[in-house]
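J.: okay, predicted coordinates and the sequence, questions at the end:
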Amino acid sequence: MFNPFQKLELIETEVFMSMPAKFRKKQRTSWSDPNRQNAEVECFLEGPSFDRDGNLWFVDIPFGRIFRITPKKDWELVTQYDGWPNGLKIHKDGSIWICDYKEGLLKLDPKTGKIETILRTAFSEGFKGLNDLHFASNGDLYFTDQGQTGITDPTGRAFRLSASGRLDRLVDNIPSPNGITLSTVEKHVYVGVTRSQQIWRLPLMADGNISKTGVAVQLSGGVGGPDGIEMDSQNGLLVCQLGVGIWRFDSNMLPTHLIHSPDHKHHHLANIAAGGPDLRTLYITESLSGDILMAKLPVAGKKLYSHM
């Protein structure tokens with residue numbers, strides 16, 4: 001990747017918080033065996049999102065845990081259940097929505113910890129394994145169904161669940177769909193395609209259909225492809241690339257910044273949330289170490305549905 005108009009700027013992360021010892025338990029799980037090649041894991045943190053009260057919510061996939069860090073920096077276990085929560089986003093009504101690899105699309109009541117199933121199937125078929133999600137400004141929910149798809153099995157899917165309850169399958173030939181978001185004016189859907197090292201751009205037509213899908217960004221290197229993605233307030237795109245860091249691309253999808261950790265153990269910067277009063281601080285789940293990192297953004301993050 002090369003930007004002929006601007007030199008790439010590097011930004012270093014620092015540790016915001018580390019998972020307390022009482023929550024760490026290193027072991028193999030039925031999730032880590034196929035997804036981490038039989039390795040023992042203490043956690044795999046994902047899905048960071050802020051609510052209106054300044055709590056940072058996130059998930060721990062292999063142990064079915066939903067955490068939050070309060071503004072006073074208390075690390076709280078909200079609930080634990082028999083599932084593999086992966087993506088997490090917050091509705092403007094305050095409810096917590098979760099893409100669960102095993103259980104489908106879920107909704108969590110932040111006050112009671114009660115979990116409700118929204119979707120377990122699509123058109124009478126089970127999901128492959130839901131991954132990530134994003135709310136549009138009108139309440140429509142876009143989400144990815146990744147499972148174990150990849151280059152040799154390009155059957156991953158992206159869906160839209162309208163605010164009125166209609167389910168649409170937007171794409172069904174993605175080799176490992178991961179992070180998903182909308183452009184600032186909501187004319188394009190962006191999908192991180194992990195196994196092909198790409199960011200796909202899906203133009204949204206006036207009737208809601210997709211047309212002329214293309215590749216917005218082609219990555220290379222790292223220990224994996226793109227994971228979490230999100231837009232910033234200038235229609236730039238932030239992309240987590242495992243083993244490398246977090247790229248910032250401008251509105252022409254040319255690289256301008258690379259956010260990275262100076263600590264060699266931080267090579268799984270998996271997902272992001274913009275926070276702070278001006279949305280200029282990026283919070284990052286480093287999945288394997290159990291650390292939450294932070295970095296200053298060159299551009300404010302995009303205002304999400306949870307804060308509209």
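T.: Right, received. Where do you want to start?
J.: Thr152: neighbour count?
T.: A count of neighbours around Thr152, defined by other C-beta atoms under 10 Å, yields 7. Backbone N, C-alpha and C define where each C-beta goes, glycine included.
J.: and it, how far from Gly94?
T.: 42 Å (C-beta to C-beta, to the nearest Å).
J.: now tell me which helix or strand of the chain has the poorest mean pLDDT.
T.: Within the chain, confidence by mean pLDDT, DSSP states H and E is lowest for helix 32-35 among all helices and strands, at a mean of 94.
J.: got a list of contacts for it?
T.: Contacts made with helix 32-35 from outside it, assessed by C-beta atoms under 8 Å, 6 or more residues apart in numbering, are listed as 38-41, 44, 62, 148.
J.: and the furthest pair within the residues you listed?
T.: Among the contacts of helix 32-35, the pair separated by the greatest distance (C-beta to C-beta) is Glu40 and Gln148, at 20.8 Å.
J.: one step back: what's the PyMOL line that selects buried ones from the contacts of helix 32-35?
T.: Below is the selection syntax for PyMOL that covers the buried ones among those, with 16 or more other C-beta atoms under 10 Å defining burial:
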select buried, resi 41+44+62
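J.: just put the contacts of helix 32-35 in TSV and tack on distance to Thr285.
T.: Below are the contacts of helix 32-35 laid out as TSV (distance: C-beta to C-beta, whole Å):
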residue	distance to Thr285
Asn38	23
Ala39	18
Glu40	19
Val41	14
Phe44	9
Pro62	14
Gln148	22
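J.: so for stretch 170-184, what's the average pLDDT?
T.: In this model, stretch 170-184 has a mean pLDDT of 98.
J.: check stretch 75-93 too.
T.: The predicted model gives stretch 75-93 an average pLDDT of 98.
J.: go through it and flag the buried ones.
T.: 75, 78-79, 81, 83-91.
J.: with stretch 139-153 instead?
T.: By neighbour count, with 16+ other C-beta under 10 Å as the criterion, the buried positions of stretch 139-153 are 140-147, 149-150.
J.: shouldn't Cys240 be in contact with His268?
T.: No - contact status for Cys240 versus His268: not in contact, 9.0 Å apart, counting by C-beta atoms under 8 Å.
J.: and the end-to-end length of stretch 229-248?
T.: From the first residue to the last, stretch 229-248 extends over 10 Å; the measure is C-alpha to C-alpha, to the nearest Å.
J.: now do that stretch: distance to the chain's middle.
T.: Put simply, stretch 229-248 sits 11 Å off its chain's centre (C-alpha atoms, centre = their mean, to the nearest Å).
J.: and stretch 214-228, by the same measure?
T.: Average the C-alpha atoms of stretch 214-228, do the same for its chain, and the two points are 14 Å apart (C-alpha atoms, centre = their mean).
J.: equivalent analysis for stretch 107-126, please.
T.: The offset between the C-alpha centroid of stretch 107-126 and the centroid of the whole chain comes to 18 Å, using C-alpha atoms, centre = their mean.
J.: do stretch 106-122 as well
T.: The gap between where stretch 106-122 is centred and where its chain is centred comes out at 18 Å by C-alpha atoms, centre = their mean.
J.: same check on stretch 174-191?
T.: With C-alpha atoms, centre = their mean as the basis, the mean position of stretch 174-191 lies at 11 Å from the chain mean.
J.: show me which positions of that stretch end up buried.
T.: Neighbour counts using 16+ other C-beta under 10 Å place 174-184, 188-191 of stretch 174-191 among the buried residues.
J.: closest one of these to Asp168?
T.: Using C-beta to C-beta, the buried residues of stretch 174-191 come closest to Asp168 at Val189, 11.5 Å.
J.: mind checking the SS state of that closest one?
T.: Following DSSP: H, G, I helix; E, B strand; the rest coil, Val189 is assigned to strand.
J.: ok, the closest residue to it other than its chain neighbours - how many residues close by?
T.: If you skip the residues right next to it in sequence, Val189 has Leu202 as its closest partner in space, 4.1 Å away by C-beta to C-beta, 6 or more residues apart in numbering. Leu202 sits with 22 neighbouring residues when counted by other C-beta under 10 Å.
J.: list the strands paired with the helix or strand hosting Leu202, with their directions.
T.: For Leu202, the enclosing helix or strand under DSSP states H and E is strand 198-203. For strand 198-203, the paired strands and their directions (DSSP bridges) read strand 188-193 (antiparallel), strand 214-218 (antiparallel).
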